[in-house]
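Novice: Fold the following and give me the result.
(one chain, ligands or ions: 1)
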Amino acid sequence: MHVLGIAGYNHDAAAALMRDGELVAAAEEERFTRIKHQDGFPYRAIQYCLKEAEVQESSVDYVVYANNLWGNFGKMLAYAKSFHEAPVYTTGFALRDLYTRMWITFLMRMLSNTGGGGPRLRFVDHHLAHMGSSFFVSPFESAAVLSIDSLGDGDTTVLGHGEGQRLKKLSRVNYPHSIAEMYCCVTNYLGFPTQDEYKVMGLASYGEARYLERLRRLVRFLDKGRYRIDTRYFQTHRRPGRFLGYVSRRFIDEFGPMRREDARIEQRHKDMAASLQKLFEETVFHCLRALHRMTGEKRLCLCGGAAQNSVMNGKILLETPFQEIYVPPAPGDSGGSIGAASYFSYGVLQQRRGFVMRTADWGPSFSETQIKAVLDESKSRYSRSEDVAADAAALLAKGYIVGWYQGRMEFGPRALGARSILADPTRPNMTDIVNRDVKHREDFRPFAPSVLREYVDEYFFGHHEAPFMSYVWGVRPDKAAAIPAVVHIDKTARVQTVERDDNALYWEVIKRFEKLKGVPVVLNTSFNVKGEPIVCTPRDAVRCFFSTGLDCLVIGPFVLKKEVLRATG
Ligand SMILES: [Fe+2]
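Specialist: Numbering: from 1, shown residues only. Down below sits the predicted model:
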């Protein structure tokens, strides 16, 4: 039984294929088109999934879309509500939305008509797909489930419960009341593009939450974990925010002018970021405490775009009664592809659950011959290593920035040791060097550590595994000085734990590095050129290597070094 899940209605299109209840392949469309957050129909991701599974379109039994494109009237109702305020915008938006739904349905029909019987088409409610992407691939037999999103099929926040093969919604918040969208609006107000909410999260550590009291008045907590937003302060639900701004005149009158994208970041921007982050956390914890009361569960599965807020995620076990947590590698919309496939496989077809997602490596891999062909074509000088882990660790210890390209590409927004840029975290200036030579990103954004699972307690205030870099934890004071390049200004870090059983080669690199430098931690950031998606093919990796200040590339068994290596810091 093959079930193909598709997601990405407005952004982050992706496909995932399950065979008899086991995930076989998953990838985001952006990795193939090389356009970040690629929306639309994931043609190439579908092609990849079918190729990986060695099946034809006609052998797929079901194609399942992670939005209920035709069966949900909640969103229609949301349009109707704002029609009297902005008739032209509402009509235009509704028409565009209708066109998108028709186009995607048409393409799915085309897919289902290819050869023979072809797959049957199904649609899954957006939040059920999110919830499926977390609960159904978690190790939990039963758990509370929280999905927080800007908007999906009319809902913005859904509190639910999963048990065995069943997932049900217990309570929900409807659009336009959306704490995730409020975060998105203030991100825009602070001069960052939407989708870049993580930058505001990073900036928050530099500010004081002095706007919190005033911001609190914009959110009213209700029973059953619901809440209402004072929508007079925002205008995305009735104006094209992209052109007119996401916050309303009322917000600007109260909190001051918007920051232009190229303007200096002032203290008040940092303070607003800190206040927003705090309000967001308070709202999510309000939902979670109610969810705990409603379900009595100690275990939590988190999902939806807002579950990418790793600062909030890292506080959940401290601030709420939940004792165990699972966050999948792609809690956002791309992960809806896995959610749609898993919800349909387990929840509808009632296939037996047994699959647990312990790794994010579900994308394409390339053979030694394929990699060698690309290196030869680019006239690169390279050597073949007998022990890539040892060689990579030695290069890191010498202070070089290493492009690390091994095995299957990760699914989700994080590089987790398959398509990563690695560096030595013990050097205080390494953050600046990696930023100057390769990443060119804002200096307030921290780099993340990958730590051997067995040492996580020793270095961080985190007591459980974090294979997908989903949590920000405090760094233990006696260890902060040992890994200065991965410690944020507030003495925290977004940690990835690396388990030998799940990622043997990457574990080996860190272990070898520990033998050389005495710390079981490396700096890990995504392998990409600024503004582009993470590299997918060997050609992407070679292009990134030669067009940035990377010193070395360890790709498959091959090691490349730049002709003139810079002086180490
Ligand atoms: Fe979503």
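Novice: Whichever residue of the stretch 301-450 of the chain sits closest to the ion: neighbour count?
Specialist: Nearest to the ion in the stretch 301-450 of the chain, going by Cβ to the ion, is Asp333, at a distance of 4.4 Å. Just so you know, the C-beta spots here come from the backbone N, C-alpha and C atoms, and that holds for glycine as well. When neighbours are defined as other Cβ atoms under 10 Å, Asp333 has 30 of them.
Novice: Can you tell me how far it is from His127?
Specialist: 11 Å (Cβ to Cβ, to the nearest Å).
Novice: do the same with Ala263
Specialist: Separation of Ala263 from His127 (Cβ to Cβ): 37 Å.
Novice: again with Arg384
Specialist: Arg384 is 49 Å from His127, where distance means Cβ to Cβ.
Novice: Which residue of these two possesses the greater neighbour count?
Specialist: His127 (32 against 11).
Novice: Not counting its neighbours along the chain, what's nearest Glu163?
Specialist: Distances taken as Cβ to Cβ, 6 or more residues apart in numbering put Ser142 closest to Glu163, at 4.2 Å, once the chain neighbours are dropped.
Novice: For the stretch 251-400 of the chain, which residues are neighbours of the ion?
Specialist: Asp333 (Cβ under 5 Å from the ion).
Novice: same thing with the stretch 1-150 of the chain?
Specialist: Proximity of the stretch 1-150 of the chain to the ion, by Cβ under 5 Å from the ion, involves residues Asp149.
Novice: all helices of the stretch 1-150 of the chain, in order?
Specialist: Secondary structure of the stretch 1-150 of the chain (DSSP state H, counting those that start in this stretch): helices located at 30-33, 43-53, 74-83, 87-112, 126-135.
Novice: for the second one, which positions count as buried?
Specialist: Residues of helix 43-53 classed as buried by neighbour count (16 or more other Cβ atoms under 10 Å): Arg44, Ala45, Ile46, Tyr48, Cys49, Leu50, Glu52, Ala53.
Novice: where does the stretch 451-569 of the chain have low pLDDT?
Specialist: The stretch 451-569 of the chain contains residues with pLDDT under 70 at 564-569.
Novice: coming back round to it: my guess is the residue of the stretch 301-450 of the chain closest to the ion contacts Ala7, does it?
Specialist: Yes. Using Cβ atoms under 8 Å, Asp333 is in contact with Ala7, at 5.6 Å.
Novice: Let me see the contact set for Arg228.
Specialist: His177, Val219, Arg220, Leu222 (Cβ atoms under 8 Å, 6 or more residues apart in numbering).
Novice: rerun at 6 Å
Specialist: When contacts are counted by Cβ atoms under 6 Å, 6 or more residues apart in numbering, Arg228 touches His177, Arg220.
Novice: which residues does it bridge with?
Specialist: Arg220 (DSSP bridges).
Novice: From the ion, how far out is it?
Specialist: 20 Å (Cβ to the ion, to the nearest Å).
Novice: my guess is Lys169 contacts Gly160, does it?
Specialist: Yes. Using Cβ atoms under 6 Å, Lys169 makes contact with Gly160 at a distance of 4.8 Å.
Novice: Counting neighbours, go ahead and name the busier of the two.
Specialist: Gly160 (25 against 16).
Novice: dump the residue contacts of that one.
Specialist: Met131, Val145, Lys168, Lys169, Leu170.
Novice: same check, this time on Val451
Specialist: Val451 neighbours (Cβ under 6 Å, 6+ apart): Tyr459, Thr497, Pro520, Val521.
Novice: Would you list the phi and psi of the residue nearest to it when sequence neighbours are not counted?
Specialist: Nearest residue to Val451, sequence neighbours excluded (Cβ to Cβ, 6+ apart): Val521, at 4.8 Å. With angles defined as degrees, to the nearest 10, Val521 sits at phi -140, psi 140.
Novice: Provide the count of other residues in contact range of Val521.
Specialist: Neighbour count for Val521, taken as other Cβ under 10 Å: 29.
Novice: Give me the phi and psi for Met182.
Specialist: phi -60, psi -40.
Novice: what residue lies at the spatial centre of this structure?
Specialist: Pro413 (4.0 Å; Cα atoms, centre = their mean).
Novice: Quick one: residues contacting the residue of the stretch 1-150 of the chain found nearest the ion.
Specialist: When scored by Cβ to the ion, the stretch 1-150 of the chain has Asp149 as its residue closest to the ion, at 4.0 Å. Applying Cβ under 6 Å, 6+ apart to Asp149 gives the contacts Ala180, Gly304, Gly305.
Novice: for Val519, same thing?
Specialist: Thr426, Ala482, Ile483.
Novice: what number of residues lie near the first one?
Specialist: Right, the one you point to is Thr426. Neighbour number of Thr426 under other Cβ under 10 Å is 22.
Novice: Assign it to helix, strand or coil.
Specialist: Assigned by DSSP: H, G, I helix; E, B strand; the rest coil, the conformation of Thr426 is coil.
Novice: now the closest residue in space to Glu197 that isn't next to it in sequence: how far from Ala209?
Specialist: Leaving aside its sequence neighbours, Glu197 sits nearest to Thr187 (Cβ to Cβ, 6+ apart; 4.9 Å). Going from Thr187 to Ala209 by Cβ to Cβ gives 16 Å.
Novice: Look at these two and report which has more neighbours.
Specialist: Thr187 (23 against 17).
Novice: Following the chain past the host helix or strand of the more buried one, name the next helix or strand.
Specialist: Element membership of Thr187 [criterion: DSSP states H and E] is helix 179-189. Note on helix 179-189: by DSSP H and E, the next helix or strand toward the C-terminus is helix 197-204.
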